[in-house]
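Novice: A predicted structure for the sequence below; I have some questions about it.
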Amino acid sequence: MRICRAVSLYCPALPTYTARMKIVLNGEPYELPEPATIAELLARIQQQPRLFAVERNHELVPRQQYTATAVQEGDRIEIATFVGGG
Amino acid sequence: MSLIPPFKIGSYTLSSRLIVGTGKYSSLEMMQACHEASGADVITVAVRRERLQDKNSGRNILDFIDPARYTLLPNTAGCFSAEDVIRVARLGREMLANSNFKGADWVKLECLAETQTLLPDPWGTLESLKVLVKDGFQVLVYCSDDPILCQRLKEAGAAAIMPAGSPIGSGQGVLNPNNIRIILEKLKANDPTYPVIVDAGVGNASDVTLAMELGVDGVLLNTAIAGATDAVAMAHAMKAATVAGYLSARAGRIPRKLYATASSPMDGRINA
């Protein structure tokens, strides 16, 4: 901690370290307070266990990989479901 | 009404010649009643972003479709590029593979060019068809009624070809019956069970009967039922219309003649 403070005194331009992450979720900006997996993101938004599917950066994420897939800064996440339509 | 035999699209056997959509109904209950009245056993659904607000207050469309009775056909409605089509098809498959609905490995491919006409983009359609076929999908391809395009799409591996009768939701019926006739001739040459389904533009029951009389295997419609003033009545009508058209097409109609031929005998008339 002392070293960090000393560094920040000498280098005031250094940004304070933050784990907050900005992503795009269903087309809207969304901020995560800390790194998360897809599974954690779904829990955070209280995603109900009905039919849905997840894409990360235009690629389908199979549900078996939700806990293993990390969300990264700038990711575009889509959560899709079925709706009425021809 | 099992007056007509079932038919196959890829690995699926359909008892009804009608495939119906799920859009534009006045309510989910109305949709459910119309599906029932139509007698359809395949129902097509679209894929969209999940509503992240008020999720719990929204009713889910799939709660109104019985998985024991209906097979779902995911569609790529609203896709304007091959990339979007491929993404949506994969999303639909992922959802159904993890559900108690049948229909995970087939898809209605719709790749549109523009919103005004909702005409399909032929190049995007062919490009995405090739990828989806390679990816293991059975693909029912929505396309225009160009016989050569239909032929190329069949050659590229489509499980069914679905030419439009007229633009989506336009209610004009089959505008070019001759093109449908040529498509049927070309696609069913040496392959009589290859499925051809009129999809889009149907307005009323006679449109469906006419399409079936041309010889198509089935009709896919949505707006004609959902937008009708009495949607349930129209659904009943559409069901009857497919049976009427199927039987009429095979019953050997009388020829059209310029002049009259009397139905009653000339002999024995009291004033003769």
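Specialist: The structure has been received and is ready for your questions.

Novice: Break down chain A into its helices, ranges please.
Specialist: A:2-10, A:38-44 (DSSP state H).

Novice: Excluding sequence neighbours, find me the nearest residue to residue 75.
Specialist: No chain specified, so I'll use chain A. residue A:23 (4.6 Å; Cβ to Cβ, 6 or more residues apart in numbering or on different chains). Glycine gets a C-beta too; all of them are placed from N, C-alpha and C.

Novice: please go with chain B instead
Specialist: By the measure of Cβ to Cβ, 6+ apart, the closest residue to residue B:75 outside its immediate chain neighbours is residue B:108, 3.9 Å from it.

Novice: Would you mind measuring from the one you found to residue B:97?
Specialist: 17 Å (Cβ to Cβ, to the nearest Å).

Novice: Just want to know which of those two has more residues nearby.
Specialist: residue B:108 (27 against 14; other Cβ atoms under 10 Å in any protein chain shown).

Novice: What score does the more buried one have for pLDDT?
Specialist: Residue B:108 carries a pLDDT value of 98.

Novice: Checking it next. Helix, strand or coil?
Specialist: At residue B:108 the chain is in strand, as set by DSSP: H, G, I helix; E, B strand; the rest coil.

Novice: for it, what are its contacts?
Specialist: Contact partners of residue B:108, counting by Cβ atoms under 8 Å, 6 or more residues apart in numbering or on different chains, are B:44, B:73, B:74, B:75, B:76, B:77, B:140, B:141, B:142, B:162, B:199, B:220.

Novice: Angles on the backbone of the residue nearest to residue B:141 when sequence neighbours are not counted, please.
Specialist: Leaving aside its sequence neighbours, residue B:141 sits nearest to residue B:158 (Cβ to Cβ, 6+ apart; 4.4 Å). Per-residue torsions, residue B:158: phi -60, psi 140 (degrees, to the nearest 10).

Novice: Let me see the contact set for residue B:158.
Specialist: B:109, B:129, B:133, B:139, B:140, B:141.

Novice: The first one: how many residues sit nearby?
Specialist: Spelled out, it's residue B:109. That count, for residue B:109 with other Cβ under 10 Å as the rule, works out to 30.

Novice: Also the third one?
Specialist: The number of residues packed near residue B:133 is 16, by other Cβ under 10 Å.

Novice: next one: the last one
Specialist: Other residues near residue B:141 come to 29 when the count uses other Cβ under 10 Å.

Novice: Would you report the backbone torsion angles of it?
Specialist: phi -100, psi 120.

Novice: Spatially central residue in chain A, please.
Specialist: Central residue of chain A (Cα atoms, centre = their mean): residue A:71, 4.2 Å from the mean position.

Novice: what's the spacing between that one and residue B:81?
Specialist: According to Cβ to Cβ, residue A:71 and residue B:81 sit 25 Å apart.

Novice: The closest residue to chain A within the stretch 151-272 of chain B: what's it in contact with?
Specialist: Residue of the stretch 151-272 of chain B nearest chain A, by Cβ to the nearest Cβ: residue B:222 (3.6 Å). Shown in contact with residue B:222 (Cβ under 8 Å, 6+ apart): A:85, A:86, B:20, B:21, B:22, B:23, B:24, B:44, B:169.

Novice: Got the confidence number for it?
Specialist: For residue B:222, pLDDT reads 96.

Novice: can you tell me how far it sits from residue B:186?
Specialist: According to Cβ to Cβ, residue B:222 and residue B:186 sit 27 Å apart.

Novice: Helix, strand, or coil at the residue nearest to residue B:214 when sequence neighbours are not counted?
Specialist: In space, and not counting its chain neighbours, residue B:214 is closest to residue B:180: 5.0 Å by Cβ to Cβ, 6+ apart. Residue B:180 carries the three-state label helix when classified by three-state DSSP.

Novice: Next: residue B:128.
Specialist: Taking three-state DSSP, the label given to residue B:128 is helix.

Novice: Now do it: how many residues are near it, please.
Specialist: 28.

Novice: residues in contact with it?
Specialist: Contacts for residue B:128 (Cβ under 8 Å, 6+ apart) come out as B:76, B:82, B:83, B:85, B:86, B:89, B:109, B:111.

Novice: what do you get if the cut-off is 6 Å, keeping everything else the same?
Specialist: Applying Cβ atoms under 6 Å, 6 or more residues apart in numbering or on different chains to residue B:128 gives the contacts B:82, B:85, B:86, B:111.
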